[in-house]
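J.: how does the following fold in three dimensions:
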Amino acid sequence: MSIKKHGLSIGINRIENVFFVTIKAVGTLTHDDYLVITPMLEGALSQVEQPKVSLLLDATELEGWELRAAWDDLQLGLKHQSEFERVAVLGNKHWQEWAAKMGSWFMSGEMKYFEDQNDALKWLRY
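T.: All right, here's what the predicted structure looks like:
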């Protein structure tokens, strides 16, 4: 029997003098994952003095969402859409690029899909 991981992890990182939030999504996300991560993300955002932050979403191990978790994700994104200046989506599947394009319609900042982490970090830095 193999163990299937799923969930979200959050961190705050820095490139030179630019701080950014990182979220790594793993497996198939569930509603319970969002019950845990939402307060953590909101707590991290409340501590940032800048009105807008950048975000690196590492979706390289993301398989998808359960239906209710997809709704949770949409609600979370809409609630915080104006707080992100740039969102770099790091992925390795064609549907992730499509999802990043759709997600960009719902936020005031820029969202861009990358398959190379260095390219994503360079883009976030500026």
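J.: where do the strands of this structure begin and end?
T.: Ranges of strands within the chain are 7-15, 18-29, 53-65, 84-90, 110-114, based on DSSP state E.
J.: so which of these comes closest to Glu42?
T.: Glu42 sits nearest to strand 7-15 of all the strands of the chain, at 10.4 Å, using C-beta to C-beta. Heads up, the C-betas are built off the backbone N, CA and C, glycines and all.
J.: so what are the sheet partners of the closest one and their directions?
T.: strand 18-29 (antiparallel) (DSSP bridges).
J.: starting at the chain centroid, how far to the partner strand?
T.: Put simply, strand 18-29 sits 5 Å off its chain's centre (C-alpha atoms, centre = their mean, to the nearest Å).
J.: from the strands of the chain, which stretch is densest packed?
T.: Scoring the strands of the chain by mean neighbour count under mean count of other C-beta atoms under 10 Å gives strand 84-90 as the most buried, with a mean of 22.
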